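**Q** when you get a sec, could you give me coordinates for this:
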Amino acid sequence: MSEEQVSPVKRSVLVTGGNRGIGRAIAEAFVAQGDAVAVTTRSGEAPEGAYGVACELTDPASVDAAFKATEEHQGAPEVLVANAGITRDTLLLRMSEDDWSQVIETNLTGSFRLVKRASRTMLRARKGRIVLVSSVVGLLGSPGQVNYAASKAGLVGMARSLTRELGGRGITTNVVAPGYVETDMTAGLPEEQQASYKQQIPLQRFASPAEVASVVTWLASDGAAYVTGAVIPVDGGLGMGH
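**A** Numbers count the residues shown, from 1 in each chain. Have a look, this model is predicted:
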């Protein structure tokens, strides 16, 4: 009898905001390792090899519909990566109620809706991996980002509460906190501004999206089975001590 390499069992992975930047890199990394990957976007488009699902995180019915579509296509998500988020940056005294509420509703309440829906099937299966994508801004703070920083800091408290609530059922919940990453947004900054930011970073450079993705895929791997309630910075040392 000839020896054959046994392929790993495909897992169902759901990544929100998976059509560009960090989310796209995360989706592509899971696809590359053989997982069945669905990505949610407002448009429904997806990277090659992934299944695109239109979803609006501020609408509970839309979130539920996205999960149902994913379940029908590839089974209930065993891995959830809550990555989608928005910014409405402005100084506190200029920040409107709408600027505040839109960011909190999308980044924090949207993540609540995602983990609540995903946990239904994870609890029944007695296993699951939840990764919330926060930001170094949620740990350090940043002028002009009171709303964004609050939403990203809130994910830490959410993850640690989920860890205590769901951990006994084999579900891990962790937070990845990226710093400055090479995306379309940072590429559009003036060169002198980019240089100023890099001077604050011990590694003197921005991260690549793939470097953030590699931490996310590790947290979803067997090698991280005993890691939960953790906040892992991917920021080149920018947020040390936080």
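
**Q** would you mind finding the longest strand in the protein?
**A** strand 171-178 (DSSP state E).

**Q** need the next SSE after that strand, C-terminal direction.
**A** Next helix or strand after strand 171-178 toward the C-terminus (DSSP states H and E): helix 184-187.

**Q** residues making contact with that following helix?
**A** 20-21, 180, 194, 206 (Cβ atoms under 8 Å, 6 or more residues apart in numbering). To be clear about C-beta, it is placed using only N, CA and C from the backbone, and glycine gets the same treatment.

**Q** just the buried ones from those residues?
**A** Neighbour counting by 16 or more other Cβ atoms under 10 Å classes 21, 180, 194, 206 among the contacts of helix 184-187 as buried.

**Q** return the member of those nearest to residue 125.
**A** Nearest to residue 125 among those is residue 21, at 30.2 Å by Cβ to Cβ.

**Q** nearest residue to the closest one in space, please, no chain neighbours.
**A** residue 183 (4.3 Å; Cβ to Cβ, 6 or more residues apart in numbering).

**Q** so what's the one you found up against?
**A** Taking Cβ under 8 Å, 6+ apart, we find residue 183 in contact with 20-22, 209.

**Q** quick check: which of those has the minimum pLDDT.
**A** Checking pLDDT across those, the minimum falls on residue 20 at 88.

**Q** report the two of the contacts of helix 184-187 separated the most.
**A** 20 and 194 (19.3 Å).

**Q** report the distance from the worst-scoring helix or strand of the chain on mean pLDDT to the chain centre.
**A** Within the chain, no helix or strand scores below helix 184-187, which has a mean of 79 by mean pLDDT, DSSP states H and E. Centre-to-centre, helix 184-187 and its host chain are 18 Å apart (Cα atoms, centre = their mean, to the nearest Å).
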